[in-house]
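Peer 1: need a structure here:
(one chain, ligands or ions: 2)
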Amino acid sequence: MAKDKTTFTCTECGGTSPRWLGKCPSCGAWNSLIEQVAEAGPGKNRLSAPQGYAGLAHAQPVMPLAAIEAQDVARTPSGIEELDRVLGGGIVEGGVVLIGGDPGIGKSTLLLQAMDALQRAGLPALYVTGEESGAQVALRSRRLGIDGSQVQLLAEIQLEKILATVDATQPAVVVIDSIQTTYSDQLTSAPGSVAQVRECAAHLTRMAKGTGIAVILVGHVTKEGALAGPRVLEHMVDTVLYFEGDTHSQFRLVRAIKNRFGAVNEIGVFAMTEKGLKGVSNPSAIFLSQHSEPVPGSCVMVTLEGTRPLLVEIQALVDSGGPSPRRLSVGLDKDRLAMLLAVLHRHAGVACMDQDVFVNAVGGVRISEPAADLAVMLSITSSLRGKALPRGFLAFGEVGLAGEVRPAPRGQERLKEAAKLGFSVAVVPKANAPKKPIEGLTIHAVERVEEAMNVVRGIG
Ligand code: TYD
Ligand code: MG
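Peer 2: Residues are numbered from 1 along each chain as shown. Ligands and ions are numbered 1, 2, ... in the order given. Below you'll find the predicted structure:
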């Protein structure tokens, strides 16, 4: 195959250069040139035709939307229930899934298990490993108890060879582990660079759409959000799943952050065991730590991202700090913490200006919904005063800058789950107060932060 010419395109202005340069010759931006294959042929991708476009291409037929028959997508459940939940029901024909997560969190393990289950369900699977040797994958499969698996294995990192193998073996699902190790012959950039990762993913996506073969790409993310990581791929693929959780704890969350075939923010919960990942079908209470007596600085909330309510403990530690006190949050938004501290001071008279404030969502879970606000504020106040919240206490609700407490979506479901797990006192936004009482749960409905603080003072 004749090599196509490579050019370097500026991500800022779109200008091109035949060579890599530190500074874009067109707009002067630094480090913005990335390599691209320019396919042979004049006028490729040029849409500047002063005399009109008719000379460049023929007009294509269009049709009214109503005349097109909508087709349901065909899904095959992988047999791993928690994975199917985040995928929106199963693997979709021609669908491209990206699974991101920190190294060692369990991506390869989960996919090997899923491929084995799919193979058993009658879908031929190909597992392409670029990070580990065949022997290492075989060792893992023995550990997982699937060493008799008929999953086809290919240890290869060159894209062209992978595509040729896929073409020859015609599997229904291909796993590429990982996209960062895959490289194309067409580019001179090193494997793992943005240009390589993007080019390889684009080819694999085109192959998936053209043949109906489902593709699962594994990508690494670094704590910083990863340069050359899968972030650049998110818009290319149909579904993006991210692994969350602490590699040191047993539990792993897989969250759908984009899904063209299902709901976003859906969560699958797994436990890492000696024999691989096992689904946790009733996960609501796993993010609570076990205190024999209530401790200061701890407040439980119910989060509802996806379809299942999860009870999560928020912990805060307020300790006297130096001249520039630190604010640190793990699993919660740092900017939001600063805002909540300001609201706490202004509207509830709780001052933490000269204090270090640390906040943590227990178990490595990440909470992005603002419904955590009230629990964060109560745990901070509880730590500052050294006074524990009562046993069986929980709180949720968004807090605004004016000190108002706003409702959280689907409050009833959250409260019912809490009651089911034996919680007895809840502070919730007024609009979330149930019309009928919930058995075993005393509900304090509040409209403002001050009210919430007063409730706690009254019952603490
Ligand atoms: P792995 O799937 O290799 O992670 P990733 O592909 O995301 O980098 O998972 C590696 C970790 O999981 C490793 O620390 C060992 C642990 N593990 C188990 O605890 N039990 C098992 O059965 C397996 C296969 C791995
Ligand atoms: Mg791996």
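Peer 1: mind listing the strands for the stretch 251-400 of the chain?
Peer 2: Taking DSSP state E, counting those that start in this stretch as the criterion, the stretch 251-400 of the chain carries its strands at 251-259, 267-273, 276-279, 298-303, 310-320, 327-330, 355-361, 393-395, 398-399.
Peer 1: Would you give the sheet partners of the last one, along with the direction of each?
Peer 2: Which is strand 398-399. Paired with strand 398-399 in the same sheet, following DSSP bridges, are strand 405-406 (antiparallel).
Peer 1: swap in the third one?
Peer 2: Counting by DSSP bridges, the strands paired with strand 276-279 are strand 267-273 (antiparallel).
Peer 1: Including mean neighbour count and distance to ligand 1, could the strands of the stretch 251-400 of the chain go into CSV?
Peer 2: For every residue, glycine as well, the C-beta is placed using N, CA and C. CSV is the format used below for the strands of the stretch 251-400 of the chain (neighbours: other C-beta atoms under 10 Å; distance: least, C-beta to the nearest ligand atom, whole Å):
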stretch, mean neighbour count, distance to ligand 1
strand 251-259, 21, 9
strand 267-273, 20, 5
strand 276-279, 18, 4
strand 298-303, 26, 24
strand 310-320, 21, 22
strand 327-330, 16, 20
strand 355-361, 21, 21
strand 393-395, 27, 32
strand 398-399, 22, 34
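Peer 1: Now render these as CSV, adding distance to K436.
Peer 2: Putting these into CSV (distance: least, C-beta to C-beta, whole Å) gives the following:
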stretch, distance to K436
strand 251-259, 33
strand 267-273, 29
strand 276-279, 34
strand 298-303, 18
strand 310-320, 22
strand 327-330, 36
strand 355-361, 31
strand 393-395, 19
strand 398-399, 24
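Peer 1: max-length helix in the chain?
Peer 2: For the chain, the helix that runs over the most residues, judged by DSSP state H, is helix 194-211.
Peer 1: ok, and the closest non-adjacent residue to V73?
Peer 2: The spatial neighbour of V73 that comes closest, neighbours along the chain excluded (C-beta to C-beta, 6 or more residues apart in numbering), is V92 at 5.0 Å.
Peer 1: Can you pull the phi/psi pair for that neighbour?
Peer 2: Dihedral angles of V92 (phi, psi; degrees, to the nearest 10) stand at phi -100, psi 140.
Peer 1: Let the chain start at 396 from now.
Peer 2: Happy to do that; since the first residue is 396 now, the last one works out to V487.
Peer 1: which ones are touching it?
Peer 2: The contact partners of V487, taken as C-beta atoms under 8 Å, 6 or more residues apart in numbering, are V468, A469, R470, A609, D633, F656.
Peer 1: repeat that for 6 Å
Peer 2: Residues in contact with V487, defined by C-beta atoms under 6 Å, 6 or more residues apart in numbering, are V468, R470, F656.
Peer 1: For the second one, list each beta-bridge partner.
Peer 2: Note on R470: beta-bridge partners V487, judged by DSSP bridges.
Peer 1: was I right about it contacting G483?
Peer 2: No. The criterion here is C-beta atoms under 6 Å, and R470 misses it with G483 at 7.5 Å.
Peer 1: Span of stretch 715-723 from start to end?
Peer 2: Looking at stretch 715-723, the gap from its leading to its trailing residue is 14 Å under the measure C-alpha to C-alpha, to the nearest Å.
Peer 1: if we can go back for a sec, determine which of the strands of the stretch 646-795 of the chain approaches K825 most closely.
Peer 2: With C-beta to C-beta as the measure, strand 793-794 is the member of the strands of the stretch 646-795 of the chain nearest K825 (12.4 Å).
Peer 1: which residues touch the closest one?
Peer 2: Outside strand 793-794, the residues within contact range by C-beta under 6 Å, 6+ apart are V738, P765, A766, D768, V800, R801, V844.
Peer 1: try 8 Å this time
Peer 2: Outside of strand 793-794, the residues within contact range by C-beta under 8 Å, 6+ apart are 735, 738, 765-766, 768-769, 772, 800-803, 824, 844.
Peer 1: Among those residues, which are located in helices?
Peer 2: The subset of the contacts of strand 793-794 located in helices under the criterion DSSP H comprises L735, V738, D768, L769, M772, V844.
Peer 1: Let's have the contacts of V487 in CSV, adding neighbour count and distance to V725.
Peer 2: Formatted as CSV, these follow (neighbours: other C-beta atoms under 10 Å; distance: C-beta to C-beta, whole Å):
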residue, neighbour count, distance to V725
V468, 15, 38
R470, 18, 36
F656, 17, 32
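Peer 1: Go through those and say which is closest to ligand 1.
Peer 2: For ligand 1, the closest of the contacts of V487 turns out to be F656, at 23.4 Å, with distances computed as C-beta to the nearest ligand atom.
Peer 1: Just the strands from the stretch 446-595 of the chain, written as ranges.
Peer 2: Taking DSSP E, counting those that start in this stretch as the criterion, the stretch 446-595 of the chain contains strands spanning 470-471, 486-487, 491-496, 520-524, 547-550, 568-572.
Peer 1: Out of those strands, which is closest to N426?
Peer 2: Set against N426 and scored by C-beta to C-beta, the strands of the stretch 446-595 of the chain come closest in strand 491-496, at 23.7 Å.
Peer 1: Contacts for that closest one, please.
Peer 2: Judged by C-beta under 8 Å, 6+ apart, the contacts made with strand 491-496 from elsewhere in the structure are 482, 486, 502, 505-506, 574, 599-600, 603, 609-616, 624-625, 628-629, 631-639, 649.
Peer 1: State the mean pLDDT of it.
Peer 2: With pLDDT averaged residue by residue, strand 491-496 scores 92.
Peer 1: could you check the angle strand 568-572 makes with that strand?
Peer 2: For the pair strand 491-496 and strand 568-572, the angle between their directions (axes from the mean of the first three to the mean of the last three C-alpha atoms, to 10 degrees) equals 30 degrees.
Peer 1: mind listing what strand 491-496 pairs with, with the direction of each?
Peer 2: Strand 491-496 sits in its sheet next to strand 609-615 (parallel), strand 634-639 (parallel), going by DSSP bridges.
Peer 1: deepest of the ones you listed, which one?
Peer 2: Highest mean neighbour count among the strands paired with strand 491-496 (mean count of other C-beta atoms under 10 Å): strand 609-615, with a mean of 26.
Peer 1: Go ahead and name everything in contact with that one.
Peer 2: The contact list for strand 609-615, computed with C-beta under 8 Å, 6+ apart, reads 486-498, 502-503, 506, 567-575, 592, 596, 599-600, 602-603, 621, 624-625, 628, 632.
Peer 1: If any of the residues you listed are buried, give me the PyMOL selection for them.
Peer 2: A single PyMOL command is used to select the members of the contacts of strand 609-615 judged buried by 16 or more other C-beta atoms under 10 Å:
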select buried, resi 486+487+488+489+490+491+492+493+494+495+496+497+502+503+506+567+568+569+570+571+572+573+574+575+592+596+599+600+602+603+624+625+628+632
